[in-house]
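Novice: kindly generate the corresponding structure for this input.
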Amino acid sequence: MSIAAVMGLACTMVTTTLAHPALADSVTGNQAWRIAQQYTGVWTSPPTQLTGGETVDAPLLGNGDIGVAVGGSIDNQTMYVGKNDFFSSSSHAIKPLGRIVIKAAGLNGSSYHVVQDIAHAEVDGTYTLGGQTLTTASWVDANWGLTVTSFKLAGGSAQSIGVTLQNGSGGTPAVTTTGNDLDADVFADTGTGSDPKARMAARIIGQPQSISGSTLSMTLQPGGTATLVTGIISSVDSPSWQSGADALVQNLTQTDVGNHNSSHRTWWENYWSQSFVEIPDKAVEKSWYGSLYQLACISRSGKSAPGLWGNWITGAMNWNGDYHTNYNYEAPFYAALSTNHIAQLDAYDQPVLDYQSAGQALATANGYTGVLYPVGLSPQGTSADTALHNQKSDAADLASNMVMRFEYTGDTTYATKVYPWLKQVGLFWQNYLTWDSANNRYVITNDAPHEDQTYPQTNPGLSLGLVHLLFQGLIDMSTKLNQDTSTRATWQNIVSHLSALPTMTLNGQTILRETEVGSDFYNDGNDIDAQAVYPGSLIGLDSTPTLLATAQNTIGALTNAWHGGNAPATFYAAAARAGYNPSTILTNLHDEATSQSFPNMAIHHNGGGVENINVTTSGLDEMLLQSFQNDIKFFPDWPTNTNAKFGDLLAYGNFLISSSMYSNAVQYARVLSQSGGSFTFTNPWPGSAEVYRNGTDTGTVSGSKITLATSVGDTLYLAPAGTPLSTIQAQLAQSLQTGTSTTTSSFNSGFESTDPAPMADTVDTTGGAVASVTGLCCSLTGPEASVRTGETSHTGSSALMYSGSGQGGSAVHAYMKIYDLSGSPLAIGTGKTLGYWIYPQSSATSTWLSSGSDNSSCVAVDMVFSDGSTLRDSGAVDQNGRSIHPAQQCGHLTLDTWNHVTVNLGTTNANKQISRILVGYDNPNSTGGYRGYIDDLSIS
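Specialist: Coordinates of the predicted model:
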């Protein structure tokens, strides 16, 4: 069915469509799209963390409504399907919707190579057994409730492929057929009452199919292709959920699927175009983009909000997968703010607003006014756990996202929506706070910072920050909406007289104390001591030196918070706002992006789910740009001698900011004023700043802090006095490496004695290692890669010899490290080319090789980049358009002669940094020896 035809079903299916992101300016869009395409997740064996009730390590797909985690080898591959609205009303728990199981039984024992392509939101699989390869491409349609998997078979004989629909627990659901569709109806819990129900309607396009029970079957011939489409509609989407799911797929043609994919890719390209960051640490940069990928996968305007684990629901999820209100639910949505992805925040409000009447009743039952919220919310005004756990701060915590959204955007339409609820939260605190007349201040009593702490707990810093943020937000909203003038004075009085943050002395330093009376300081993997800084926004670089030093001391004392179970989602942003050592922050962010992350780029900590989307996003953004004190600072907490740039990050006041740091100086700032108003910034230039307004030079301004008036739609360009506008625009369009001095080096080796000495016979244990390869001969215990002189060379007298012997099995490879550049990584920039000469041997030139074998051609120079990705898995191709993966070079190099291989590194790996250079042999299921030489290696 065409997209137009599906639109005709709008009367019953309007809720299945998903909102599109707004288009950004072309400069930021081009930069963002260029960088996003560089990053993938790669698996060479199936994931193992799938049904433990927490973050999964599987390839991930999603459209903000439906989520899919891909697990298992191709002979029994399970696509775990979750949906944000599949929340049981009887158990108040998120439930897995279903499973789609793909079985290509004839490929049992095949190799496994799966790539999560975040730019296009696709998961691509390559499975090879003998001379046969099955490739798959899967995606969850960005615009419809549709999942798609395409198949292509090459080599060998026909393969039978079965597709089985299962319920969420892996059982057999009730199935029917509608035309060519296999329909499976699944339920959350009992499916009675208001428990959601859903239909998965599946069919195969491009090949004849048969249906038996809950299984679709087809036979795929070599050279053949097929496409599996599955429509998924829930009873929350539409009362016509069964017919709606069938309507999505029953008349689809391959052309229609292509049109869907084109629209899907357009949605994602528009999404990526909203903002970008570019920094030298590519692991952290990758984590930033990977986190934004997850954000778009789990949350979409017009759809149900995600719980603790997003929409990747594979079984019984911990804590019911609910909306935990004391930081967990709020944290992933913070990431939408500074990154300029406000639409991903739209789903947040509804579960909070739906609970208002219950929150009022809970407040009344406990003798209070306004609203009182428990820790565990669930959809449609419900909660599985109404216990307060001795905490009063949950509603104020929930308010933080709403207040910050307004402060960032100034959106009065949005303010009108949430202002009545925020006033109810304010009403609670107006009457709950106690007045300490002796000290002229408001005091918070009996509010525990940790769950279930016994009283007294007085003036917790966390609550002081959140309550201050709440009332400041109410003041700003009421002013903008011109409402509640008299009440605004009450709110202002509270803001002006709220108790100061409690402090204490630890190891001779003053730090923030968790409470004034009660809990003091715990270095236990939480960051409660620092949450008054973020999200509470009580301390920043414009605070007093004494308060700022106290905040920095607190960050330094919380040594277990960097990688703790609960802290990272807010701790990194707090550290940046406090002006903590930026090199330390980046070092720990690097560890989060590598040691603490799965291949799918999900940061995982014990007990932490999609909240960790905010670790790198807000952590890095607050290092690059700060605005929460109504004073915009460019690179406020950035390490020296480290270049960086960013585009269209969102600042308070609805300003989109782009800037670049080069050689310890800010090159420029571009400011897009989306709402008008005063733009105040800390002047990063020691002298005057040149100001261009909408392309016209308006002269210079000076001072340490500068305020400029703006109108809606104004574009300001700021730079050191005398900088031409053309220079600023050229710098905006440059990549990080092109615009800095860090890309001057190249690398060359002819393996002569005067060239850089390579490592000898060294396995790269983390960049691919060795599987089922032994020594070629002569009592060798493993593969070789080392210099030989006087044997065979392209130029000079030396070359690098490689050898080994395959022992069969689905994985047969050897990745040998020849150069380690990690101490000073080689930047690729946008124009570097890899070149080398390779001489793969046959039995004619080596007595250790079998007659007729072309094993020696299954070799390529490989690279490991500083973000942990590899050249072979990056999609890079040689001068003939062939993948540079060693396995794809098999049979394409001429034996017993020198072959010249070149690879344009900038095409798929622009601006990465080369950490290690490898020589890789990769030939699944191969047996027997391989041997050859490599010479005249260059990267320039």
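
Novice: show me what contacts residue 103?
Specialist: When contacts are counted by CB atoms under 8 Å, 6 or more residues apart in numbering, residue 103 is found next to 75, 76, 77, 161, 162, 163, 164. The C-beta positions use only the backbone N, C-alpha and C, and glycine is treated the same way.

Novice: now with 7 Å?
Specialist: 75, 76, 161, 162 (CB atoms under 7 Å, 6 or more residues apart in numbering).

Novice: for it, which non-adjacent residue is spatially closest?
Specialist: Among residues not flanking residue 103 along the chain, residue 162 sits closest, at 4.5 Å (CB to CB, 6 or more residues apart in numbering).

Novice: measure how buried that neighbour is and give me the count.
Specialist: Counted with other CB atoms under 10 Å, residues neighbouring residue 162 total 16.

Novice: and it, what element?
Specialist: Using DSSP states H and E, residue 162 sits within strand 159-167.

Novice: residue 553 too?
Specialist: In the assignment (DSSP H and E), residue 553 maps to helix 545-557.

Novice: can I get that helix in PDB, CA atoms only?
Specialist: Presented in PDB, the C-alpha positions along helix 545-557 are these (Å, rounded to 0.1, in the frame of the first residue of the first chain):
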ATOM      1  CA  PRO A 545      33.900  32.400  44.200                       C
ATOM      2  CA  THR A 546      33.200  30.800  47.600                       C
ATOM      3  CA  LEU A 547      30.100  28.900  46.400                       C
ATOM      4  CA  LEU A 548      31.800  27.900  43.200                       C
ATOM      5  CA  ALA A 549      34.800  26.500  45.100                       C
ATOM      6  CA  THR A 550      32.500  24.600  47.400                       C
ATOM      7  CA  ALA A 551      30.700  23.000  44.400                       C
ATOM      8  CA  GLN A 552      34.100  22.100  42.800                       C
ATOM      9  CA  ASN A 553      35.200  20.500  46.100                       C
ATOM     10  CA  THR A 554      32.000  18.500  46.200                       C
ATOM     11  CA  ILE A 555      32.500  17.200  42.600                       C
ATOM     12  CA  GLY A 556      36.100  16.200  43.600                       C
ATOM     13  CA  ALA A 557      34.900  14.400  46.700                       C
END
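
Novice: ok, and what's touching it?
Specialist: Applying CB under 7 Å, 6+ apart, the contact partners of helix 545-557 are 503, 506, 509-512, 523, 529-530, 533, 539, 541, 574-575, 578-580.

Novice: how about a cut-off of 8 Å?
Specialist: Outside helix 545-557, the residues touching it (CB under 8 Å, 6+ apart) are 501, 503, 506-507, 509-512, 521, 523, 529-530, 533, 539-541, 543, 571, 574-575, 577-580.

Novice: quick check: mean pLDDT across that helix?
Specialist: Taken as a whole, helix 545-557 has an average pLDDT of 97.

Novice: among the contacts of helix 545-557, which lie within strands?
Specialist: Residues of those located in strands (DSSP state E): 503, 506, 509, 510, 511, 512.

Novice: how long is stretch 388-402 end to end?
Specialist: Stretch 388-402 has its terminal residues 22 Å apart, counting by CA to CA, to the nearest Å.

Novice: from the chain's centroid, how far away is that stretch?
Specialist: Put simply, stretch 388-402 sits 26 Å off its chain's centre (CA atoms, centre = their mean, to the nearest Å).

Novice: and that stretch, what's its mean pLDDT?
Specialist: The pLDDT scores in stretch 388-402 average 97.

Novice: quick one: buried residues of it?
Specialist: Across stretch 388-402, burial judged by 16 or more other CB atoms under 10 Å covers 388, 390-402.

Novice: pairing partners for residue 608 in the sheet, please.
Specialist: residue 605 (DSSP bridges).

Novice: that one: neighbouring residues, count only.
Specialist: The number of residues packed near residue 608 is 24, by other CB under 10 Å.

Novice: again, but for residue 897
Specialist: Residue 897: 10 surrounding residues under other CB under 10 Å.

Novice: same question for residue 843.
Specialist: Neighbours of residue 843 (other CB under 10 Å): 16.

Novice: helix/strand/coil for it?
Specialist: Three-state assignment for residue 843 (DSSP: H, G, I helix; E, B strand; the rest coil): coil.

Novice: quick check, it in contact with residue 854.
Specialist: No: Residue 843 lies out of contact with residue 854 (CB atoms under 8 Å); the separation is 10.5 Å.

Novice: before we move on, the earlier item: go through the strand holding residue 162 and flag the buried ones.
Specialist: Going by neighbour count (16+ other CB under 10 Å), the buried part of strand 159-167 is 159, 161, 162, 163, 164, 165, 166, 167.

Novice: who's in contact with the second one?
Specialist: Contact analysis of residue 161 by CB under 8 Å, 6+ apart lists 102, 103, 104, 151, 217, 218, 219, 220, 226.

Novice: so the spatially closest residue to residue 92 that is not a sequence neighbour versus residue 403, what's the distance?
Specialist: Spatially, and ignoring its direct neighbours in sequence, residue 92 is nearest to residue 384 (3.3 Å; CB to CB, 6+ apart). In this view, residue 384 and residue 403 are 27 Å apart by CB to CB, to the nearest Å.

Novice: those two: which is more packed in?
Specialist: Taking neighbours as other CB under 10 Å, residue 384 and residue 403 compare with residue 403 leading, 25 against 16.

Novice: excluding sequence neighbours, find me the nearest residue to that one.
Specialist: Leaving aside its chain neighbours, residue 403 sits nearest to residue 473 (3.1 Å; criterion: CB to CB, 6+ apart).

Novice: ok, that neighbour - contacts?
Specialist: Going by CB under 8 Å, 6+ apart, residue 473 touches 399, 402, 403, 404, 406, 407, 422.

Novice: tell me the SS of it?
Specialist: Under three-state DSSP, the three-state class of residue 473 is helix.

Novice: direction included, what does the lengthiest strand in the chain pair against?
Specialist: Across the chain, the longest stretch assigned as strand under DSSP E is strand 927-939. Pairing partners of strand 927-939, with direction, according to DSSP bridges: strand 747-749 (antiparallel), strand 798-807 (antiparallel), strand 833-840 (antiparallel).

Novice: would a markdown table of these with mean neighbour count, distance to residue 146 and mean pLDDT be doable?
Specialist: Formatted as a markdown table, those follow (neighbours: other CB atoms under 10 Å; distance: least, CB to CB, whole Å; pLDDT from 0 to 100):
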| stretch | mean neighbour count | distance to residue 146 | mean pLDDT |
| --- | --- | --- | --- |
| strand 747-749 | 17 | 46 | 90 |
| strand 798-807 | 24 | 42 | 95 |
| strand 833-840 | 22 | 40 | 94 |
